[in-house]
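Enquirer: let me see the structure of the following:
(chains A, B, C and D)
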There are 2 protein chains.
Amino acid sequence: MSLMQITNQQATILARLRGAGLRPTRQRLALAKLLFDSADRHVTAEQLHGEATAAAIPVSLATVYNTLHQFTGAGLLREVVVEPGRSYFDTNVDDHHHFYCESTGALQDIPGTAITVGQLPHAPPGSEISRVDVIIRVRRQNARPAQA
Amino acid sequence: MSLMQITNQQATILARLRGAGLRPTRQRLALAKLLFDSADRHVTAEQLHGEATAAAIPVSLATVYNTLHQFTGAGLLREVVVEPGRSYFDTNVDDHHHFYCESTGALQDIPGTAITVGQLPHAPPGSEISRVDVIIRVRRQNARPAQA
DNA sequence: AACCTAATTTAGAATAATTCTAAACCTCCC
DNA sequence: GGGAGGTTTAGAATTATTCTAAATTAGGTT
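Expert: Here you go, the predicted structure:
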């Protein structure tokens, strides 16, 4: 059964890469496997590169960056910027939002249904909405607010 | 009248800096003047440094960064990260949200009242909410979505 | 199966944003 | 007006990311 799942997922990824005009190369397939074989994930480029290296998949950091951006363009991933110099790639591309813990740097999904964003103002003239990001920033209760 | 306003604002800033344990130095006061003398602003560190230089206020980029972070800690500014490597400091610290134009990089305030975020899920155990950020990403209508 | 062409990967340099360091310089208080 | 400690600064260092040009590989063709 898990075999079947993996096969299906790989087929989907293959199809989606093809659809985006991306060749299913060894590196892209290996990274896709790391990204999509387990449940929803939030990874940085650096982290994914570390995982690949640990799994004895030789891939350069530049390729990891390229691949993450290509997957994002193909709709397989979504990028979430939480702090200057810290951005995650989220394998969940459904409509949803995030908790971001400022103390630990952890990111956590919030189902789109859990938040009602009512009565959106219309976009500035000449522009159209591409996405709505809601980030609920939290910190550990005993942590002191970031100050000087 | 504008004189009065400026005076009041400077007094407020002075008081708030003192309250945060920050000495009102020449640099901090000059940067505060640039930031708060006009209506709500969104500036990057680099931009503010450019303005200071243009206004013949010699201040180093490091000090601009320090000051922006200290002001943020003191509640005079709010930082908004919109993209990896692009973050703005917002002089509006009231409850509100943002439009971010991916085509131009422009940031625009949305009054807090214009969006209703209903039914917030509770924060993960052991943590408390520090802020809720809503960013509505827009792009110019003729612009093509970022792809490979 | 060998071949060709264009896409892809790569190491390493380059860039950009930000932070650090240690010395020089102010602010405040006596 | 002197001194202690907070502040500023130039420049180096760090971090995240992108670029470059050369080597490799995928996928169609014969």
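Enquirer: quick check: A:Gln70 touching A:Pro24?
Expert: No - using Cβ atoms under 8 Å, A:Gln70 is not in contact with A:Pro24; the gap is 11.6 Å. C-betas here are computed from N, CA, C, even on glycine.
Enquirer: who has more neighbours, those two?
Expert: For A:Gln70 versus A:Pro24, neighbours defined as other Cβ atoms under 10 Å in any protein chain shown are more numerous around A:Gln70 (18 against 15).
Enquirer: you'd agree that one is in a strand?
Expert: No - A:Gln70 sits outside any strand when classified using DSSP: H, G, I helix; E, B strand; the rest coil, being helix.
Enquirer: what pLDDT is listed against it?
Expert: You'll see A:Gln70 listed with a pLDDT of 97.
Enquirer: distance check, it against A:Leu48.
Expert: When distance is defined by Cβ to Cβ, to the nearest Å, A:Gln70 is 13 Å away from A:Leu48.
Enquirer: what segments of chain A are helices?
Expert: Taking DSSP state H, the helices of chain A run over residues A:2-19, A:26-36, A:45-54, A:61-73.
Enquirer: contact partners for A:Arg86?
Expert: Under the criterion of Cβ atoms under 8 Å, 6 or more residues apart in numbering or on different chains, the contact list for A:Arg86 reads A:Thr44, A:Gly105.
Enquirer: that one bridge partners, please.
Expert: A:Glu83 (DSSP bridges).
Enquirer: do you know the pLDDT at it?
Expert: Reading off the model, A:Arg86 has pLDDT 93.
Enquirer: what about the nearest residue to A:Ala74 once chain neighbours are set aside, distance to DNA strand C?
Expert: Take A:Ala74 and drop its neighbours on the chain: the residue closest to it by Cβ to Cβ, 6 or more residues apart in numbering or on different chains is A:Ala20, 3.7 Å away. In this view, A:Ala20 and DNA strand C are 9 Å apart by Cβ to the nearest atom of the strand, to the nearest Å.
Enquirer: state the distance from the residue most central in space within chain A to chain B.
Expert: By Cα atoms, centre = their mean, chain A has its centre lying nearest to A:Asp90, at 1.6 Å. Going from A:Asp90 to chain B by Cβ to the nearest Cβ, to the nearest Å gives 14 Å.
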